[in-house]
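Trainee: no sequence for this one, just the structure:
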Ligand SMILES: NC(=O)C1=CN([C@@H]2O[C@H](COP(=O)(O)OP(=O)(O)OC[C@H]3O[C@@H](n4cnc5c(N)ncnc54)[C@H](OP(=O)(O)O)[C@@H]3O)[C@@H](O)[C@H]2O)C=CC1
């Protein structure tokens, strides 16, 4: 009988290369593993509930802000009901701070009541306010992740900053630009409606005042409503039957309870876990960072794994002050240049500069499937072009995947455990992780990997967790189970900010998005909702370093507002609104770019595809067209920045209609 190779050669086809064969085997394995997970959870994203929405009061309470200082905040002057502002910014994370700072720098914030920042947390920091688990670090280099290092003159202590240092920096940014006095914390905006007559937004706000005071309800009017809602801000838990009945302490990693674990955000010595049997659900980026610290103290640690993470080398090191002065922060504008350099090296954007950050992440170039790349130009939406594109990305992925697997073999001593720790999905399906202690942890005798073979834990009871009919008795359960997907509500900004947004004529933003699919100009504004701007990674250019992406979007937003306000002149005010032809033209551009993201459709379930909800074949032509609008700029963030710079320099604000009014 002829071998497969001979048979194909005889049929006139070219002989498959070793790489082709490898790819074929890998693709089969990827599909097998993804299918296993999809079949285990046919309810897709409904397998989860946000902590805040849980019907179990115990689980719901896990969402509480455990860091807020109510007494200090209650001592601050009240924001009067009925206040009027020029700008309200939703969100006090880096996105909201950067919006506020850029408005200030552009000279748009003139009086003390021109700007108000509103956030549900008890302070600045966004994700860094909430997440304080032991081991927390930003996986992007601190020199390009921590904004405004030039203006604040701060030198991060390490190449990768710990969470508490980033949180301190958020406070530093706030102090530098006097944002503290412009912030309303512990407060949620529940509704926002545009008044066609007054040309103002009215925001309904609920301010919490702590357990001993009643909540305040207030209305605030504003000319501009700017929203920086973040990406992963709503902690979730799988609907594991019996979880709330667990008799011992339980908490989510996004609300790490040091009163149980011991230690503090600054000191990861979690001695309260000594003598305890601890179980952690989840092995995502958060668990990878925290598990080594738990393992140092717990008597027994059970790691309940559904899908392993790919774990690459970290290479942490302290900042060398000499290198900082001479090679990093060596000239004005260095930080933006370094951010652009990082992005260029990741996505293959042409540059003469060497790789400044030069870490594992810039070598994992298969991530281009997610971020876009200029390397192959625009991918045409034909089946042949898409297959060719997906194949070349999968080929780029081969060495990335092999590197992570080889690392497991080199570090983990028990071959059975090592096999279970290997990730079988393309790099772009889940956030790659970087850690020099995680894999080593599984060599410790007190650490037990409970691999659920892609199915997840089955149930819990008052004693512990059950997997495949076996009970694991525990003293403490830690939920490293992540956040609501950024694709919730099909990525509609109003859903993500949790606000009932009503534009002209009382039209609901959510209904518009549901009916039309993603509809924006440059991802930041939409017609019928004047003077509303948002930070969202849909119909936009996006990079791996969120701060660089956000800075790009913010330059565009603030540039647009500045131009509009200039037209209104001194004493006047402006209403900037995307036009329908403007957003439809942009939807056309996005559809033209959509084929480049095709490789994501076969991904294993996770938050990037709403647990498999995205990536299912469209029902009909109309659904396919809607999906195609749901794209990003496929040529990568660097060329996107250039395109927006040209757009702003032109000054015509094509795609907007600007009306000017007397103040
Ligand atoms: N910039 C940074 O340095 C950091 C960023 N982050 C960001 O936050 C994101 C979220 O990370 P993370 O908090 O880890 O959340 P993830 O969503 O990445 O991980 C959640 C984990 O819970 C698991 N899980 C869910 N349900 C079950 C179940 N029923 N049984 C067992 N396991 C279950 C998931 O398994 P499965 O994979 O099978 O769904 C997954 O391992 C990261 O991807 C990253 O973008 C986080 C930490 C640091």
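Mentor: Thanks, I have the structure now. On a predicted model such as this, the values are computed, not experimentally measured, just so you know.

Trainee: so which bits of the stretch 51-200 of the chain are right by the ligand?
Mentor: By the criterion of Cβ under 6 Å from any ligand atom, the positions of the stretch 51-200 of the chain lying close to the ligand are 137, 138, 139. All C-beta spots, glycine's among them, are computed from the backbone N, C-alpha and C.

Trainee: apply 5 Å and report the result again.
Mentor: Within the stretch 51-200 of the chain, the positions lying close to the ligand (Cβ under 5 Å from any ligand atom) are 138, 139.

Trainee: grab the longest helix from the protein for me.
Mentor: Of all the elements of type helix in the chain, the one with the most residues (DSSP state H) is helix 383-411.

Trainee: what mean pLDDT does that one get?
Mentor: When pLDDT is averaged along helix 383-411, the result is 97.

Trainee: where in the protein is pLDDT low?
Mentor: 1-13 (pLDDT under 70).

Trainee: if we go to 50?
Mentor: Applying pLDDT under 50 to the chain flags residues 1-11.

Trainee: any idea how it splits into domains?
Mentor: According to automatic domain parsing, the chain comprises the domains 47-55+235-314+385-479, 80-124+179-232+489-539+581-635.

Trainee: and the longest helix of the chain, what does it pack onto?
Mentor: The elements that helix 383-411 packs onto, with contact taken as 3 or more Cβ pairs under 8 Å, 6 or more residues apart in numbering; DSSP states H and E, are helix 18-40, strand 311-312, helix 368-371, helix 438-441.

Trainee: still on that earlier bit, including mean neighbour count, could the domains of the chain go into JSON lines?
Mentor: Output for the domains of the chain, formatted as JSON lines (neighbours: other Cβ atoms under 10 Å):
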{"stretch": "domain 47-55+235-314+385-479", "mean neighbour count": "19"}
{"stretch": "domain 80-124+179-232+489-539+581-635", "mean neighbour count": "19"}
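
Trainee: now render those domains as a markdown table, adding distance to residue 350.
Mentor: Putting the domains of the chain into a markdown table (distance: least, Cβ to Cβ, whole Å) gives the following:
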| stretch | distance to residue 350 |
| --- | --- |
| domain 47-55+235-314+385-479 | 18 |
| domain 80-124+179-232+489-539+581-635 | 11 |
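
Trainee: can you say which of those domains is nearest to residue 131?
Mentor: When the domains of the chain are compared for distance to residue 131 using Cβ to Cβ, the nearest one is domain 47-55+235-314+385-479, at 5.3 Å.

Trainee: endpoints of that closest one, how far apart?
Mentor: Between the start and the finish of domain 47-55+235-314+385-479 there is a gap of 15 Å, counting by Cα to Cα, to the nearest Å.

Trainee: relative to residue 335, how far out is residue 572?
Mentor: Separation of residue 572 from residue 335 (Cβ to Cβ, to the nearest Å) stands at 35 Å.

Trainee: that older thread, got a markdown table for the helices and strands packed on helix 383-411, with distance to the ligand too?
Mentor: What follows is the helices and strands packed on helix 383-411, written out as a markdown table (distance: least, Cβ to the nearest ligand atom, whole Å):
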| stretch | distance to the ligand |
| --- | --- |
| helix 18-40 | 6 |
| strand 311-312 | 12 |
| helix 368-371 | 11 |
| helix 438-441 | 12 |
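
Trainee: pick the most buried one from the ones you listed.
Mentor: Using mean count of other Cβ atoms under 10 Å, the stretch among the helices and strands packed on helix 383-411 with the largest mean neighbour count is helix 368-371, at a mean of 24.

Trainee: I'd like to know which elements that helix is packed against.
Mentor: Counting contacts by 3+ Cβ pairs under 8 Å, 6+ apart, helix 368-371 packs against helix 334-347, helix 383-411.

Trainee: up against the ligand, what does the stretch 501-650 of the chain have?
Mentor: Within the stretch 501-650 of the chain, the positions adjacent to the ligand are residue 607 by Cβ under 5 Å from any ligand atom.

Trainee: rerun that using 8 Å as the cut-off
Mentor: Taking Cβ under 8 Å from any ligand atom as the contact definition, the stretch 501-650 of the chain meets the ligand at 546, 604, 605, 606, 607, 611.

Trainee: so which of the residues you listed sit within helices?
Mentor: Judged by DSSP H, helices contain the following of these: residue 546.

Trainee: from the residues of the stretch 501-650 of the chain next to the ligand, which land in strands?
Mentor: Among those, no residue falls in strands (DSSP state E).

Trainee: before we move on, back to that, residue 294: which of the helices and strands packed on helix 383-411 is closest?
Mentor: Taking Cβ to Cβ as the criterion, residue 294 comes closest to helix 438-441 out of those, the separation being 8.7 Å.

Trainee: quick one: that closest one to chain centroid distance?
Mentor: Helix 438-441 has its average C-alpha position 25 Å from the chain's average C-alpha position, going by Cα atoms, centre = their mean, to the nearest Å.

Trainee: beyond it, next helix or strand please.
Mentor: Sequence-wise, the next helix or strand downstream of helix 438-441 (DSSP states H and E) is strand 447-451.

Trainee: and the ligand, is that next one touching that?
Mentor: No. Strand 447-451 is not in contact with the ligand by Cβ under 8 Å from any ligand atom; minimum separation 9.1 Å.

Trainee: direction included, what does that strand pair up with?
Mentor: Looking at strand 447-451 with DSSP bridges, its paired strands and their directions are strand 300-305 (parallel).

Trainee: does residue 26 touch residue 391 like I think?
Mentor: No. Counting by Cβ atoms under 8 Å, residue 26 sits too far from residue 391 to count as a contact (11.6 Å).

Trainee: not counting its neighbours along the chain, what's nearest the residue nearest the centre of the chain?
Mentor: The centroid of the chain falls nearest to residue 231 when counting by Cα atoms, centre = their mean (3.8 Å). Counting by Cβ to Cβ, 6 or more residues apart in numbering, residue 231 lies nearest to residue 486, which is 5.1 Å off, once chain neighbours are set aside.

Trainee: picking that back up, mutual contacts of residue 26 and residue 391, please.
Mentor: Contact criterion Cβ atoms under 8 Å, 6 or more residues apart in numbering; no residue bridges residue 26 and residue 391 by contacting each.

Trainee: residue contacts, residue 262?
Mentor: With contacts defined as Cβ under 8 Å, 6+ apart, the neighbours of residue 262 are 269, 270, 271, 272, 273, 274, 297.

Trainee: and the first one, how far from residue 435?
Mentor: It stands for residue 269. From residue 269 over to residue 435 the distance is 18 Å, taken as Cβ to Cβ.

Trainee: same check, this time on the last one
Mentor: When distances are taken as Cβ to Cβ, residue 297 and residue 435 turn out to be 18 Å apart.

Trainee: nearest spatial neighbour of the residue in the stretch 151-300 of the chain that the ligand sits nearest to, chain-adjacent residues omitted?
Mentor: Of all residues in the stretch 151-300 of the chain, residue 284 sits closest to the ligand, at 2.4 Å by Cβ to the nearest ligand atom. Nearest residue to residue 284 in three dimensions, chain neighbours excluded: residue 482, at 5.7 Å (Cβ to Cβ, 6+ apart).

Trainee: okay, now the one you found: neighbour count?
Mentor: 24 (other Cβ atoms under 10 Å).

Trainee: was I right to think it contacts residue 281?
Mentor: No. Judged on Cβ under 8 Å, residue 482 makes no contact with residue 281 at a distance of 9.9 Å.

Trainee: need the contact list for the nearest residue to residue 48 once chain neighbours are set aside.
Mentor: Setting aside the residues directly before and after it, residue 48 is nearest to residue 236 in space (Cβ to Cβ, 6+ apart), at 4.3 Å. Going by Cβ under 8 Å, 6+ apart, residue 236 touches 48, 49, 50, 51, 481, 482, 483, 484.
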